[in-house]
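A.B. asks: just need the structure, nothing else, for what follows:
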Amino acid sequence: MTFYNIYRHFTYIFLGLLFFTYSSAFAQTDDEDAKLKEFFSIYNYIQQFYVDEVDTKDMFSNAIKGMVNGLDPHSNYLEPKEQKDLMESAVGKFGGIGIVITKKGQAIQVISPIDDTPAYRAGIQAGDLIVKIGDKLVSEMTLEDGVKLMRGLPETPIKLTIVRDNNRPFVVNISREIITIISVKGFLLEKDLGYIRISSFQDPTSELVRKTLNNINSKNNGQIKSLILDLRNNPGGILSGAVGVSDLFLDSEGLVVYTEGRIPGTDTEYHAENGDIMLNLPIVVLINEGSASASEIVAGALQDHSRAIIMGNTSFGKGSVQTVIPLDDGYGLKLTTARYYTPLGRSIQAKGIEPDITLEDISLENENETDILDTKEKDLDGHLKVKDPSKLSSEEIIESQENIKNKEDKEIIEKLKKDYFVHEASNLLKALTILNK
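C.D. replies: Below is the predicted model:
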């Protein structure tokens, strides 16, 4: 008997034992027993009659992927590299083009581009549908296959075919980069009015928001009177980051968010502690269809506690909790285990957060102008010319860097004031500040 026949013989014995074990475990209904028999029958047909020999490991891996992927768009069976990529994304550094995606029908939908990434600079928008990656149709691949194709070495090109608002497809050419997420930026828009942009939620996000607000207050020579918290195109991130940011602006030990699942341990409540770093002064939170998951938790918490006015468009509606279960040999199972609910019991899942004030997505400036948060030093009027660093003293270098930073901030602030959402939020906060006097 050849090695292959011996291997196949023992494989069939193993499958028979496995089938007996699973049949016993799931024998509570005839339907389940019949489906298990059908599964192994199909396995045997493939092994015996398929045109090529198929690796048993690959067959079971594909079967598991199909079973898990069929549950919902966010549950995945992770191979070792996918598990590693997921961990890299959680700490805020990975290789690719910088978009957060989900599967939608026969396409991949962009939840949001990540700030200051190749996708962001190429004009990819929340809601865009990717129908081809290179020359490969997305309809013939899984979400994980799409992620693999879009990731790659820095400075290598990738071509995406996009459908936007049911119009004709168009092609976007992007060059990959190492993606490092800067999750918090802040500016003093004008006296007493602050602006903080959170692009994603990571472990240190709440502390970064605190430091950013302190810096804004320092530039204002005292406490600002109102704040714009911009969560547009924020795809979410780590739950602790969202709870921490919500806690910063809630002055009581109230509920921030809670989860409900099917098994013990998935029903959890997350509470805020005393202390509002904005001293109960007016806050406007900006959201849009690209605001998802953790950003929806923050918006929902501040809305339910009547702590902030939510402006913009209805958010994405990703209100489910995924738990990553480590498996043998570096594999993992990312499984949806619960749903998020706002403090007043509203489900976020597939509904999103509705703004208190809805805004049209219009522009106050020429669409060809540079993106608001993508201004580079070379774009600024009167930018410093390059000097030989060896001829500069340390004091001159520090002064030069500070001048560059000040010019960049000034340019960005001017562009933010031309952002329609920010413009409307500013007007509302000015009115509220007058009323509170």
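A.B. asks: hey, let's count contacts and neighbours off CA atoms from now on
C.D. replies: Fine.
A.B. asks: got the domain ranges for this protein?
C.D. replies: 3-54, 93-180, 184-358, 377-418 (automatic domain parsing).
A.B. asks: tell me the most buried of the ones you listed?
C.D. replies: domain 184-358 (a mean of 20; mean count of other Cα atoms under 10 Å).
A.B. asks: span of it from start to end?
C.D. replies: Domain 184-358 has an end-to-end distance of 25 Å (criterion: Cα to Cα, to the nearest Å).
A.B. asks: distance between that domain and the chain's centre?
C.D. replies: Centroid separation for domain 184-358 versus its chain: 13 Å, with Cα atoms, centre = their mean, to the nearest Å.
A.B. asks: just the strands in the stretch 1-150 of the chain please.
C.D. replies: Using DSSP state E, counting those that start in this stretch, the strands of the stretch 1-150 of the chain run over residues 76-78, 93-96, 99-104, 107-113, 129-133, 136-137.
A.B. asks: ditto for the stretch 251-400 of the chain
C.D. replies: Under DSSP E, counting those that start in this stretch, the stretch 251-400 of the chain gives strands at 255-261, 268-271, 283-287, 309-312, 320-326, 332-341, 357-358.
A.B. asks: for residue 217, which of these is the nearest?
C.D. replies: Ranking these by proximity to residue 217 (Cα to Cα) places strand 283-287 first, at 14.9 Å.
A.B. asks: for that closest one, give me every contacting residue.
C.D. replies: Contacting residues not belonging to strand 283-287 are listed as 226-233, 299, 307-315, 355, 421, 425, 429 [Cα atoms under 8 Å, 6 or more residues apart in numbering].
A.B. asks: wait, doesn't residue 344 sit right on residue 304?
C.D. replies: Yes. Counting by Cα atoms under 8 Å, residue 344 touches residue 304, with 6.3 Å between them.
A.B. asks: circling back to that earlier point, dump the strands of the stretch 251-400 of the chain to TSV, plus distance to residue 114.
C.D. replies: Converted to TSV, the strands of the stretch 251-400 of the chain look like this (distance: least, Cα to Cα, whole Å):
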stretch	distance to residue 114
strand 255-261	25
strand 268-271	27
strand 283-287	15
strand 309-312	19
strand 320-326	21
strand 332-341	22
strand 357-358	23
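A.B. asks: switch those strands over to CSV; also include distance to residue 112 and mean pLDDT.
C.D. replies: Shown next, in CSV, are those (distance: least, Cα to Cα, whole Å; pLDDT from 0 to 100):
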stretch, distance to residue 112, mean pLDDT
strand 255-261, 23, 96
strand 268-271, 26, 96
strand 283-287, 12, 98
strand 309-312, 15, 98
strand 320-326, 17, 88
strand 332-341, 20, 93
strand 357-358, 19, 98
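A.B. asks: closest to residue 172 out of those?
C.D. replies: Going by Cα to Cα, the one of those nearest residue 172 is strand 283-287, 25.8 Å.
A.B. asks: mind listing what the closest one pairs with, with the direction of each?
C.D. replies: If you go by DSSP bridges, strand 283-287 pairs up with strand 226-230 (parallel), strand 309-312 (parallel).
A.B. asks: quick one, which of those strands is nearest to residue 126?
C.D. replies: Per Cα to Cα, nearest to residue 126 of the strands paired with strand 283-287: strand 309-312, 13.9 Å.
A.B. asks: what does that closest one contact?
C.D. replies: Contact partners of strand 309-312, identified using Cα under 8 Å, 6+ apart, comprise 283-288, 299, 303, 354-360, 421, 425.
A.B. asks: hmm, residue 186 and residue 212 touching each other?
C.D. replies: Yes. The criterion here is Cα under 8 Å, and residue 212 meets it with residue 186 at 5.8 Å.
A.B. asks: find the residues that touch each one of those two.
C.D. replies: Contacts common to residue 212 and residue 186, judged by Cα under 8 Å, 6+ apart, are residue 196.
A.B. asks: returning to that earlier point: dump the strands paired with strand 283-287 to JSON lines, plus distance to residue 137.
C.D. replies: Converted to JSON lines, the strands paired with strand 283-287 look like this (distance: least, Cα to Cα, whole Å):
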{"stretch": "strand 226-230", "distance to residue 137": "35"}
{"stretch": "strand 309-312", "distance to residue 137": "34"}
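A.B. asks: of all those strands, which one is nearest residue 199?
C.D. replies: strand 226-230 (8.3 Å).
A.B. asks: C-terminal to that closest one, what's the next element?
C.D. replies: Using DSSP states H and E, the helix or strand that follows strand 226-230 in sequence is helix 239-249.
A.B. asks: related to what we said a few turns ago, JSON lines for the domains of the chain, including distance to residue 435?
C.D. replies: As requested, these are arranged in JSON lines below (distance: least, Cα to Cα, whole Å):
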{"stretch": "domain 3-54", "distance to residue 435": "65"}
{"stretch": "domain 93-180", "distance to residue 435": "35"}
{"stretch": "domain 184-358", "distance to residue 435": "11"}
{"stretch": "domain 377-418", "distance to residue 435": "22"}
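A.B. asks: and the ones you listed, which one's lowest on average pLDDT?
C.D. replies: Sorting those by mean pLDDT places domain 377-418 lowest, at a mean of 56.
A.B. asks: with adjacent residues omitted, what lies nearest to the residue nearest in space to the middle of the chain?
C.D. replies: Closest to where the C-alpha atoms of the chain average out (Cα atoms, centre = their mean) is residue 235, at 2.8 Å. Leaving aside its sequence neighbours, residue 235 sits nearest to residue 292 (Cα to Cα, 6 or more residues apart in numbering; 4.7 Å).
A.B. asks: surely that neighbour is in contact with residue 239?
C.D. replies: No. Contact criterion Cα under 8 Å: residue 292 and residue 239 do not qualify, at 11.8 Å.
A.B. asks: now the helices for the stretch 301-437 of the chain?
C.D. replies: Here the stretch 301-437 of the chain has its helices, by DSSP state H, counting those that start in this stretch, at 394-417, 420-436.
A.B. asks: and the stretch 101-250 of the chain, by the same measure?
C.D. replies: So, for the stretch 101-250 of the chain - with DSSP H, counting those that start in this stretch - the helices run 118-121, 143-150, 205-219, 239-249.
A.B. asks: got the phi/psi numbers for the nearest residue to residue 140 once chain neighbours are set aside?
C.D. replies: Distance criterion Cα to Cα, 6+ apart; nearest residue to residue 140, sequence neighbours excluded, is residue 106 at 7.9 Å. Main-chain dihedrals, residue 106, degrees, to the nearest 10: phi -90, psi 10.
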